[in-house]
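[1] Quick one, structure for this:
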Amino acid sequence: MRNGIDIIIPIYNAYEDLCKCLESIELHTDLTLDRLILINDKSPDERILPLLKEKERENVIVIDNENNLGFSGNVNKGMCFSDDRDVILLNSDTIVTKNWVDRIYECAYSKKEIGTVTPLSNAATLCSIPVMCKDNKLPEGLTADDMAEIVEQCSIKAYPRISVAVGFCMFIKREVIKVTGLFDAKTFEKGYGEENDFCNRAEQLGYIHVMCDSAFVYHKGTASFKNEEKAKLCADHEKLLNSWYPMQMRFNHLYCVNNPEQYIRDNIEPFIDLHNGKKNVLYLVHLDFRSDSYGNVGGTQFHVRDLTENLKTDFNVFVVSRDREYIRLSIYIGEKIHSYKFYVGSPSLFFIPRNEQLYKLFSSILDEFKISLVHVHHVDTLSLDIYYAAHERNLPLVHTVHDFYPISPGYKLLDDEGNWLADEKPDSEKWLLGAKKQSGYRPIGNIIKVWRNNFEEALSLCDKIFLPSEFAKETLCAYFPTLAQKSEVIYHGKTISKNEPIRIHENEISFTDKIHFSIDSVEMKSSIAVVNGWIFLEGADSRETEIFIETVSDSGAKLFTSVPAVSRVDVAQAFQNEAYASCGFCAKVFLPKTACLNSTHRIAIRYNGKVYSETSCCVNLTWNRLKKTRKRISFIGGMVPEKGSQLIYDIIKSGKGDNYDWYLIGACGDETLSRLVAPNFHKVGYYTESELPSIFKSAQIDIVCILSIWGETFCYTLSEAVMCGLPVLGIDIGAVGERIKQNGYGWVVPYPASSKDIVEKLDEIFSDNSSYNFVAEKANKWHEKSSFEMSQEYAFLYNSLTKAFAPKYQAYDSRLILSGLVKNSIFAYSENVPSWFDFDKYVDVIRLKDEHKKMLPETEVQSENSFEEQKSICTETNQISVIDSYPKHLSRCVGLQKLKNAVSLYRAGGIKAVIVKILHKK
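    Presented below is the predicted three-dimensional model:
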């Protein structure tokens, strides 16, 4: 039980604000324990005194001044009346919130040396959120109570030291009043500076001032003074304070400049955006789809991307994934994205079903962000802890099967010779051999049995299991019959965005020497040219620019086509500007029917609505137009043995397919196929979905072959082919065979199929034009379910499931979530931590850049002449991130300071990486 506190409110007019303030106090304050001292400073508004008298009762004291005493005089009068209690000085234009006194009191007595406490507010200079030293309006749609709830939800109770308290809501311990004395009412009769003077005196007597980052009190903002009067008072009193407290006032200035508690504001920002009444849906996936993530290409990633893009306006979407040594959390709130990265170390060589570190992290995410539903997509390199954490909190839990990872670590269910395993007995040795080849397991013991038991137990906790084909459902339920009742087929949807070229006239282009560019390579591939290079506009962030290349339409019109940006850190390093890190491009130019054998294509940038180029910023292409004399067959997607790369190799190498032109569209992960050269074999390379229709059209493809040798659960490349209007030839296994036979937009060959079978089937297809045309027409008119249509199915299920559950969230440590907060990335480099480094030794000085030395008092910067400089510490691999920039958050970390603590401060401030110079005493 805490002691009672006296809340002192000086009052001068502002009737409407006062009514709101008193109403909030009565709602959120225990006035049987705490006292309210209301001091009417001779307000001319005749409504004030009757209102106060109406409120007067036990523990609500009303004092009506005969003369106007001013703010400081009223504060002193109230503190004297209070006598032996701690006090809170509160402005009458505030609105207090739930548990505000308890939170402030808890902060005040967390350390003996704390003298004053100031809560967070929208308008409280040093303690303002979301922007420091600004009178912020409450975020749209939020009340003071909403803000208090948000602050409490994510507070780490850091209680950071601040230079001075802020008088709008200022807690003062009684012992501080006794030692320091009252406010200087004579000097600061009409306000401004009185709390600074008091705080500076208290600091010199050994007390500190802190921010209570767990409480929020709304403040309308000062309105008692006229602007001219306030400006003069501010100037006069600041001059006086500077003469009395030069060091403290200088530090106060530095505090405002450096904003060391920005991490608290950064921590709150996502929660403000999340307070929108929408449900929070979490996707767990083994690899993220974001362009800056490792392993971002794959069917599972594309599926999660499509769900995220289509549902981020109806739900707050959380994507949790592995990104090398980190767990990445991306929060999508409409068009806003908030990012977190949590260091967890490199993935284990073998799957660990239960991992305490991941369990703690997943649990914290579920609890702190109040997740409404968990949708698991893949757990490779993760663990099964998300299932248990969600179940313990009574959250709706669903799982989508994208491959057969729950059945075997060899998730494509192939043996060591590439044969389909699903028809083998569960105890067959071939399962072990398949697990060895795909995942490195030694083929002995009961690995497969234990694996399946672990997954069956986890999946049994799910409320729904979604599968993208009947084949996938039948296969899963054959091994886990207990899951059949909760398994449901939802076919994936697919949307191919069109990259429509635009017309830009020459007079619309601004030619400038501020364009920097390079054409690194040009590769001519039959009717397609691949141009690699980089371009940026000096002074423009490349993330905010769009790159175009000039193309020619079939009618001969000159158009400009947008090309995807490519990361070019090397360019950013060369120009020493991180803004140019996304200036690369990989442009595909397609040979139109009307093009000459030589063509020139301008490259341009659009920035802030204007198009820029440079007179020489062009690429010259020399075409080798191939006349179509044979049918053209395409393979699409990332080509690996499981996708049929060896079949393709054999078709072309053996000469069986010499009657056709073959086009490989996509990356090739099979070295033998990658090295294969033949006159009728054309490698287009990597493509984006939006480029695919143009590639097919330019290459005049007749049929797409999908030659997977494993039972795919869906197959996105099949969708891509038919969405481009092309018929498909596939092997009759898995969802490929199921979908082609069910929908009639192609042909199948029986599994297992040889290269001879494939070529003979093609010969048969093209021998009957009417039959080919019938199927091709069906493919051309086929409507594939869109990603939006698919997403709406899931949205309906999410809403249905969340209505049936009452979550039981648990206590959490907000510091864990804050530790992963990523703000804007900063240009950095890495190297290994040298062997001589020891965290337990003190760092004697942190080297400052010259401009920061000037900002600090000379006494705080030790002479570097007495130190011997060692090499920089910098690396992410050893859990210490580094950056070539002195962050403002460490302006007071000069002198004895453990580097480990310093780095944690950098991270807490939202800095992604830090470089610290270590200097040892000679």
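[2] Can you give me the distance of the residue lying closest to residue 440 once chain neighbours are set aside to residue 439?
    In space, not counting the residues next to it along the chain, residue 440 is nearest to residue 349; the distance is 7.0 Å by C-beta to C-beta, 6 or more residues apart in numbering. Every residue, glycine included, has its C-beta placed from N, CA and C. To residue 439, residue 349 is 9 Å away according to C-beta to C-beta, to the nearest Å.
[3] can you check residue 612 too?
    Residue 612 sits at a distance of 50 Å from residue 439 (criterion: C-beta to C-beta).
[4] Show me the domain layout of this protein.
    Per automatic domain parsing, the structural domains of the chain span 5-270, 276-486, 506-621, 631-784, 823-921.
[5] looking at those domains, which one has the lowest mean pLDDT?
    In terms of mean pLDDT, the lowest-scoring of the domains of the chain is domain 823-921 (a mean of 34).
[6] And the next helix or strand past the strand or helix carrying residue 572?
    Element membership of residue 572 [criterion: DSSP states H and E] is helix 569-574. Sequence order places strand 584-590 as the next helix or strand after helix 569-574, per DSSP H and E.
[7] At which residues are the strands of the stretch 651-800 of the chain located?
    When assigned using DSSP state E, counting those that start in this stretch, the strands of the stretch 651-800 of the chain occupy the ranges 660-665, 681-685, 703-706, 728-732, 746-750.
[8] Residue 418: which of these is closest?
    Nearest to residue 418, of all the strands of the stretch 651-800 of the chain, is strand 728-732, at 12.5 Å by C-beta to C-beta.
[9] sorry, back to before: in the helix holding residue 572, what counts as buried?
    Residues 571-572 are the ones in helix 569-574 that count as buried (16 or more other C-beta atoms under 10 Å).
[10] again with stretch 752-767
    Buried residues in stretch 752-767, counting neighbours by 16+ other C-beta under 10 Å, are found at 753, 755, 758-759, 761-762, 765-766.
[11] For it, C-alpha coordinates in PDB please.
    Written as PDB, here are the backbone C-alpha positions of stretch 752-767 (Å, rounded to 0.1, in the frame of the first residue of the first chain):
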ATOM      1  CA  PRO A 752       7.300 -41.600 -63.800                       C
ATOM      2  CA  ALA A 753       8.100 -39.900 -67.100                       C
ATOM      3  CA  SER A 754      11.300 -40.000 -69.200                       C
ATOM      4  CA  SER A 755      12.600 -37.400 -71.700                       C
ATOM      5  CA  LYS A 756      11.500 -39.700 -74.500                       C
ATOM      6  CA  ASP A 757       7.900 -39.700 -73.000                       C
ATOM      7  CA  ILE A 758       7.900 -35.900 -72.900                       C
ATOM      8  CA  VAL A 759       9.100 -35.400 -76.500                       C
ATOM      9  CA  GLU A 760       6.700 -38.100 -77.800                       C
ATOM     10  CA  LYS A 761       3.800 -36.400 -76.100                       C
ATOM     11  CA  LEU A 762       4.700 -33.100 -77.700                       C
ATOM     12  CA  ASP A 763       4.900 -34.700 -81.100                       C
ATOM     13  CA  GLU A 764       1.400 -36.200 -80.500                       C
ATOM     14  CA  ILE A 765       0.000 -32.800 -79.400                       C
ATOM     15  CA  PHE A 766       1.300 -30.900 -82.400                       C
ATOM     16  CA  SER A 767       0.300 -33.700 -84.800                       C
END
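[12] from the chain's centre, how far out does it sit?
    Centroid separation between stretch 752-767 and its chain, computed with C-alpha atoms, centre = their mean, to the nearest Å, is 48 Å.
[13] do the same with stretch 159-172
    That offset, for stretch 159-172, works out to 33 Å (C-alpha atoms, centre = their mean).
[14] what comes up buried for that stretch?
    159, 161-172.
[15] would you turn those residues into a markdown table with distance to residue 631 and secondary structure?
    Converted to a markdown table, the buried residues of stretch 159-172 look like this (distance: C-beta to C-beta, whole Å; DSSP: H, G, I helix; E, B strand; the rest coil):
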| residue | distance to residue 631 | secondary structure |
| --- | --- | --- |
| 159 | 74 | coil |
| 161 | 76 | strand |
| 162 | 76 | strand |
| 163 | 78 | coil |
| 164 | 81 | coil |
| 165 | 81 | coil |
| 166 | 78 | coil |
| 167 | 83 | coil |
| 168 | 79 | coil |
| 169 | 79 | strand |
| 170 | 83 | strand |
| 171 | 83 | strand |
| 172 | 87 | strand |
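[16] Tabulate those (JSON lines), appending distance to residue 247.
    Converted to JSON lines, the buried residues of stretch 159-172 look like this (distance: C-beta to C-beta, whole Å):
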{"residue": "159", "distance to residue 247": "23"}
{"residue": "161", "distance to residue 247": "16"}
{"residue": "162", "distance to residue 247": "16"}
{"residue": "163", "distance to residue 247": "11"}
{"residue": "164", "distance to residue 247": "13"}
{"residue": "165", "distance to residue 247": "18"}
{"residue": "166", "distance to residue 247": "20"}
{"residue": "167", "distance to residue 247": "22"}
{"residue": "168", "distance to residue 247": "26"}
{"residue": "169", "distance to residue 247": "27"}
{"residue": "170", "distance to residue 247": "22"}
{"residue": "171", "distance to residue 247": "25"}
{"residue": "172", "distance to residue 247": "22"}
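[17] Name every strand pairing with the helix or strand containing residue 520 and say which way it goes.
    Using DSSP H and E, the element containing residue 520 is strand 515-525. The strands beside strand 515-525 in its sheet (DSSP bridges) come out as strand 528-537 (antiparallel).
[18] Moving C-terminal from the strand it pairs with, which element do we reach first?
    Taking DSSP H and E, what comes next after strand 528-537 is strand 546-552.
[19] name the helices or strands packed onto that following strand?
    strand 558-563, strand 584-590, strand 598-607 (3 or more C-beta pairs under 8 Å, 6 or more residues apart in numbering; DSSP states H and E).
[20] 10 Å instead?
    The contact analysis (3 or more C-beta pairs under 10 Å, 6 or more residues apart in numbering; DSSP states H and E) places strand 546-552 against strand 528-537, strand 558-563, strand 565-566, strand 584-590, strand 598-607, strand 610-613, strand 618-622.
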